[in-house]
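# pasting a predicted model and its sequence here:
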Amino acid sequence: MKMTFRWYGSQSDPISLKYIKQIPGMSGLMGLLDKPAGVVWEEDEIKALVDEVHAAGLEFEVVESVNVHEDIKMGLPSRDEYIANYITTIRNLAKYGVKVIIYNFMPVFDWLRTDLAREIPEDGSNSLYYNEADLGEMGPMEIVRRTAEDSKGFTLPGWEPERLALLETTLKQYEGITPDMLRENYKYFLDAVIPVCEEVGVRMACHPDDPAWPIFGLPRIAHSQEDFDKIIKLHDSPANTVCLCTGSLGSNPENDIPAIIRHFGEMDRIGAMHVRNVKFLGYRHFREAAHLSSTGDLDMFAIMKAIYDTCPDTYIRPDHGRMIWDEQGRPGYGLYDRALGATYLNGLWEAIQRMDK
Ligand code: DNO
């Protein structure tokens, strides 16, 4: 297992590489170039980023994310040009040692929350929160406005301004696109990119829908084991993998996370893991918790054990967590609680390893 940390680049992440390196057991990043979906990541830009990360003593083997242009998801004629750019980006990243590319195929929105800083009454910290009931009242335009307002000036992943500028038009364009049509467009994309990945030694890892159900009537096709079974069959290859995010899939209590890890781990179809905890508050109502099992509803020991047993060499990162110790930062991406999370996960790992020997 390689423990990694999500990082947004020195221009936009308040957390320095030095701080990340000081977290015990941190091997590298899940990082990105801050570029709009659809454009090529040029070699010189990638090289500069990779050199900077290496100079800090960290690895850069996982990219999160190279976003898929909306025209590809909608199957518009312009998709071929965007797919060609995506392929060039894959080739360029492979040249600089990237092994896994995380992405998602969610229409319009990436992850969605109704409150970015809901206070946790027990300890006065705060975390990302979702209540479907609140969403009903808000509607897509309002939630976008609120999320932008509450994100403290940071661009949140999936909420990039250029993507949201076109929101109303894009939402209209999706009317009439069924889950099956979306899957067909997805297959078209995978048929083009996966052979290139095989050639250059990169694995594509699809992130689940978050939350794990359809929203605003948009088609969503990646929120259960059955969904991912279909996805990996769209283009059957070891390079077509899952970025198994325990918190995203875990927002639906019907998803048995350790079982899903074992299922895809045994097939060698887990390209990367996001490991975090969720606290259920009711039907389609949850908040994010500290990583420790007892503070949420996921069994983190069973999760780490499933990883250990079925995909022990995967990349892992702690995720989201809470804002604690009055830290000011990008909602969901503070330093302190993610560092505690990584340390806890490393502790579980060490115990599992020792007990096995
Ligand atoms: C949220 C993240 C997602 C993820 C993308 C991958 O915190 O896990 O934004 O990076 O869905 O494309």
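Looks like it came in fine.

# got the residue ranges for the strands in the stretch 101-250 of the chain?
In the stretch 101-250 of the chain, the strands defined using DSSP state E, counting those that start in this stretch lie at 115-119, 126-131, 203-207, 240-245.

# where does the stretch 201-350 of the chain get nearest to the ligand, which residue?
Scanning the stretch 201-350 of the chain for proximity to the ligand using Cβ to the nearest ligand atom identifies His207 as nearest, at 3.7 Å. Every residue, glycine included, has its C-beta placed from N, CA and C.

# so that residue makes contact with Val100?
No. His207 lies out of contact with Val100 (Cβ atoms under 8 Å); the separation is 11.5 Å.

# related to what we said a few turns ago, how about the strands of the stretch 101-250 of the chain in CSV, adding mean pLDDT and mean neighbour count?
Formatted as CSV, the strands of the stretch 101-250 of the chain follow (pLDDT from 0 to 100; neighbours: other Cβ atoms under 10 Å):
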stretch, mean pLDDT, mean neighbour count
strand 115-119, 94, 18
strand 126-131, 95, 22
strand 203-207, 98, 26
strand 240-245, 98, 28
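
# name the helix or strand for the closest residue to Ser16 other than its chain neighbours, please.
Spatial nearest neighbour of Ser16, chain neighbours left out: Ser10 (7.6 Å); criterion: Cβ to Cβ, 6 or more residues apart in numbering. Following DSSP states H and E, there is no helix or strand that holds Ser10.

# neighbours around Ser10, how many?
Look at Ser10: counted by other Cβ atoms under 10 Å, it has 14 neighbours.

# all helices for the stretch 251-357 of the chain, in order.
257-266, 300-310, 336-356 (DSSP state H, counting those that start in this stretch).

# contact partners of the shortest one?
Where contact means Cβ atoms under 8 Å, 6 or more residues apart in numbering, the residues beyond helix 257-266 that reach it are 225, 228, 232, 241-242, 244, 246, 249-250, 270, 273, 298-299, 302-303, 305-307, 309-311, 314.

# spit out the contact partners of Ile20.
Contact partners of Ile20, counting by Cβ under 8 Å, 6+ apart, are Phe5, Trp7, Met26, Leu29, Ala56, Leu58.

# where does the stretch 251-357 of the chain have low pLDDT?
For the stretch 251-357 of the chain, no stretch has pLDDT under 70.

# looking at the helices of the stretch 251-357 of the chain, which is closest to Gly282?
Proximity to Gly282 (Cβ to Cβ) singles out helix 257-266 among the helices of the stretch 251-357 of the chain, at 19.4 Å.

# return the set of buried residues in the closest one.
Ile257, Pro258, Ile260, Ile261, Arg262, His263, Phe264, Gly265 (16 or more other Cβ atoms under 10 Å).

# out of the contacts of Ile20, which are inside strands?
Secondary structure defined by DSSP state E assigns Phe5, Trp7, Leu29 of these to strands.

# and the helices of the stretch 251-357 of the chain as CSV, adding distance to His69?
Compiled in CSV, those are given as follows (distance: least, Cβ to Cβ, whole Å):
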stretch, distance to His69
helix 257-266, 26
helix 300-310, 32
helix 336-356, 29
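
# dump the ones you listed to JSON lines, plus distance to the ligand.
Shown next, in JSON lines, are those (distance: least, Cβ to the nearest ligand atom, whole Å):
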{"stretch": "helix 257-266", "distance to the ligand": "15"}
{"stretch": "helix 300-310", "distance to the ligand": "16"}
{"stretch": "helix 336-356", "distance to the ligand": "11"}
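
# the ligand contacts on this protein?
64-65, 102-104, 110-111, 157-158, 207, 245, 274, 332 (Cβ under 6 Å from any ligand atom).

# what's the closest of the residues you listed to Gly341?
Top of the list for closeness to Gly341, among the residues of the chain next to the ligand and by Cβ to Cβ, is His274 at 10.6 Å.

# quick one: contacts for the closest one?
Residues in contact with His274 (Cβ under 8 Å, 6+ apart) are His207, Cys243, Leu244, Cys245, Thr246, Gly247, Ser248, Ile316, Arg317, Asp319.

# beta partners of the residue nearest in space to the middle of the chain?
What sits nearest the mean C-alpha location of the chain, by Cα atoms, centre = their mean, is His207, with 5.1 Å. Applying DSSP bridges to His207 yields these beta-bridge partners: Asn104.

# where does the stretch 51-200 of the chain dip in pLDDT?
155, 157-164.

# show me the helices in it, by range?
70-74, 79-95, 132-150, 161-165, 167-174, 179-200.

# give me the angle between the longest one and helix 79-95.
Per axes from the mean of the first three to the mean of the last three Cα atoms, to 10 degrees, the angle that helix 179-200 makes with helix 79-95 is 40 degrees.

# can you check the third one too?
For helix 132-150 against helix 79-95, the angle by the same axes, to 10 degrees is 70 degrees.

# the nearest residue to Phe301 once chain neighbours are set aside: neighbouring residues, count only.
Once flanking residues are discounted, Phe301 sits nearest to Leu348: 5.8 Å by Cβ to Cβ, 6+ apart. Number of residues near Leu348 (other Cβ under 10 Å) recorded here: 21.

# any idea how many residues pack against Tyr283?
Neighbourhood size, Tyr283 [other Cβ under 10 Å]: 10.

# that one contacts Glu132, doesn't it?
Yes. The criterion here is Cβ under 8 Å, and Tyr283 meets it with Glu132 at 7.3 Å.

# so what pLDDT did the residue lying closest to Glu254 once chain neighbours are set aside get?
Nearest non-adjacent residue to Glu254, counting by Cβ to Cβ, 6+ apart: Ser224, 7.8 Å away. We note a pLDDT of 98 for Ser224 in this prediction.
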